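>>> quick one, structure for this:
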Amino acid sequence: MMSGGKTGRDSMAKVSTVRDLRRRNRSALLRPLFLEGRLTRPELTGASGLSQATVSNVIGELQNEGLIVDAGTVDSDGGRPRQVLRIDADYGYVVGVDVGETRIRTELFDLSMEQRAAADHPLAHATAVEELADTVAATVRSVIDEAGVPPGHVLGVGVGVPGLVEHDDEVLVHGHAPGWQSVPLETLLRERIDQPLLIENGAKTLGQAEMWFGAGRGRSAAVIALLGTGVGACVVTGGSIYRGSTSSAGEWGHTVLQVGGRPCRCGGSGCLEAYVGADALLARYTGLTGRPPLEGVAPEAAVAQLVVHDPDDEAAAAVLAETVEYVGAGVANLVNLFNPEIIVLGGWVGLLLGRSHLPAIRDAAARYALRQPFERTDITVAQLGVDAVAMGAATLPVDELLATGAVGATQQRAALRP
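Below is the predicted model:
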């Protein structure tokens, strides 16, 4: 009896080990192939660290499943042309949702991360969370319909949100700006969306997009900063996003810039966000002039007008100079705390400031940062534009697919097809 029980446990452990090994081998090939786009078998062997025989066997398996396809040939040094492989862009599709404070942006991508459809929906102030969940679900259905994609071919939906995302038995969102406290957003969305669902902080989805496809590509230590209505950051160490003990790491906007300083939306005072967030810029300008930069327009247009102000607008010049100084000080804090290879300024305010005032931001950062780490840190502007949060959200189900080696994905797709 005892011997038979032990044999049974050993057998189960062996099956589990074989299954895990298969998953790891598939993942080791799929990840570099996805990130690089096209690779030969020898290149995949070098990138994965697997033997040639294992690479050949796993590629054959993935080709039979339709996940990997031929992409032509390239010449080799003195030998036969080598076959190039790629992931089939139409094997499946992913949806990314950027839940911002003023709008919802939803995009559908194929597995080459080419955008196939997009939808924008403005948000009223203090939108009820149930209404927001309805709107997110409606935009997801909209982009699936627009792209003409069978719903069962959508591998997953990623959602980037403002605020802290608590990953536990149930995903809860804590957001001071929308007034969310322990909001069960995952449960609300699962009631409305049929596809697999993943939720993450928007700064972190922005960071993942820029690390995979943008300014952070190839770096192992980076900070991707998001400056918009809110302010946050994605900290990358050893090539992985640092989340902290409860996934709240990266709240750069709520580091204190001035003790006893300006009140912040979080309830504190002196936070960086209270000096460089969009609302802070507009409030300072209005305080100096008694009027906003533009009457009756969205905050994005008003801030853009402030940044590219008329040369005679002394108030705009003063607010902008002060903001550049504060952003530089905040960047210096990132340099001193994390010693990154690169700091990337993203988010719609970050893009506006970075594209027009990057040298001044660098100069300000140099005045506050330690000299040695500052001289080794690149400071640049995000490459993927204002839609990067949605793209990064779409990479959440892609990352899940790559991490699991797409084991079972073909069967799951078949089961979900109409």
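>>> so residue 87 makes contact with residue 112?
Yes. Between residue 87 and residue 112 there is a contact under Cβ atoms under 8 Å: 7.4 Å. The way it works is simple: take the backbone N, C-alpha and C, and place the C-beta from them, glycine included.
>>> give me the more crowded residue out of these two.
Each of residue 87 and residue 112 has its neighbours counted (other Cβ atoms under 10 Å); residue 87 has more, 24 against 12.
>>> pLDDT value on the more buried one, please?
With respect to pLDDT, residue 87 scores 96.
>>> so who does it touch?
30, 33-34, 67-69, 111-112 (Cβ atoms under 8 Å, 6 or more residues apart in numbering).
>>> tell me the mean pLDDT over the helix or strand residue 18 falls within?
Here residue 18 sits within helix 2-36, counting by DSSP states H and E. Mean per-residue pLDDT for helix 2-36: 76.
>>> on that earlier part again, and of the contacts of residue 87, the nearest to residue 327?
residue 34 (33.8 Å; Cβ to Cβ).
>>> against residue 207, how distant is that closest one?
Separation of residue 34 from residue 207 (Cβ to Cβ, to the nearest Å): 18 Å.
>>> more neighbours, those two?
residue 207 (33 against 19).
>>> SS state for that one?
Recorded secondary structure, residue 207: helix (DSSP: H, G, I helix; E, B strand; the rest coil).
>>> with adjacent residues omitted, what lies nearest to it?
residue 234 (2.4 Å; Cβ to Cβ, 6 or more residues apart in numbering).
>>> can you tell me which residues contact the one you found?
For residue 234, counting by Cβ under 8 Å, 6+ apart, the contacting residues are 203-204, 206-208, 223-224, 226, 241, 250.
>>> let's verify it: helix, strand, or coil?
Taking three-state DSSP, the label given to residue 234 is strand.
>>> what helices or strands is the helix or strand hosting residue 138 leaning on?
Secondary structure assignment for residue 138, by DSSP H and E: helix 129-147. Using 3 or more Cβ pairs under 8 Å, 6 or more residues apart in numbering; DSSP states H and E, the elements in contact with helix 129-147 are strand 93-99, strand 103-110, strand 115-122, strand 154-161, helix 185-190.
>>> give the other helices and strands that the fourth one contacts.
When contacts are defined as 3+ Cβ pairs under 8 Å, 6+ apart, strand 154-161 sits against strand 93-99, helix 129-147, helix 185-190, strand 197-201, helix 202-213, helix 388-403.
>>> do the same with the second one
Secondary-structure packing of strand 103-110 (3+ Cβ pairs under 8 Å, 6+ apart): strand 93-99, strand 115-122, helix 129-147, helix 388-403.
>>> that strand pairs with which strands?
strand 93-99 (antiparallel), strand 115-122 (antiparallel) (DSSP bridges).
>>> report the angle between the axes of it and helix 388-403?
For strand 103-110 against helix 388-403, the angle by axes from the mean of the first three to the mean of the last three Cα atoms, to 10 degrees is 40 degrees.
>>> need the winner for burial among the helices and strands packed on strand 103-110.
The highest mean neighbour count among these, using mean count of other Cβ atoms under 10 Å, belongs to strand 93-99: a mean of 29.
>>> that one to helix 202-213, inter-axis angle?
140 degrees.
>>> the inter-axis angle of strand 93-99 versus strand 154-161?
Inter-element angle recorded for strand 93-99 and strand 154-161: 10 degrees (by the same axes, to 10 degrees).
>>> report the mean confidence score over stretch 69-79.
So the average pLDDT for stretch 69-79 ends up being 78.
>>> now swap in stretch 175-183 and tell me
Mean predicted confidence for stretch 175-183 is 76.
>>> just stretch 344-356 next, same as before
Stretch 344-356 comes out at a mean pLDDT of 96.
>>> quick one: contacts of it?
206, 210, 214-216, 222-229, 231, 276-278, 281, 300, 303-304, 307-308, 323-324, 327, 331, 358, 361, 379-382, 384-386, 388.
>>> name only those of these that count as buried.
Neighbour counting over these (16 or more other Cβ atoms under 10 Å) leaves 206, 210, 214-216, 222-229, 231, 276-278, 281, 300, 303-304, 307, 323-324, 327, 331, 361, 379-382, 384, 386, 388 as the buried ones.
>>> those in helices, which ones?
Counting by DSSP state H, the buried ones among the contacts of stretch 344-356 place 206, 210, 276, 278, 281, 300, 303-304, 307, 323-324, 327, 331, 361, 388 in helices.
>>> how about the strands paired with strand 103-110 in JSON lines, adding distance to residue 179?
Shown next, in JSON lines, are the strands paired with strand 103-110 (distance: least, Cβ to Cβ, whole Å):
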{"stretch": "strand 93-99", "distance to residue 179": "14"}
{"stretch": "strand 115-122", "distance to residue 179": "18"}
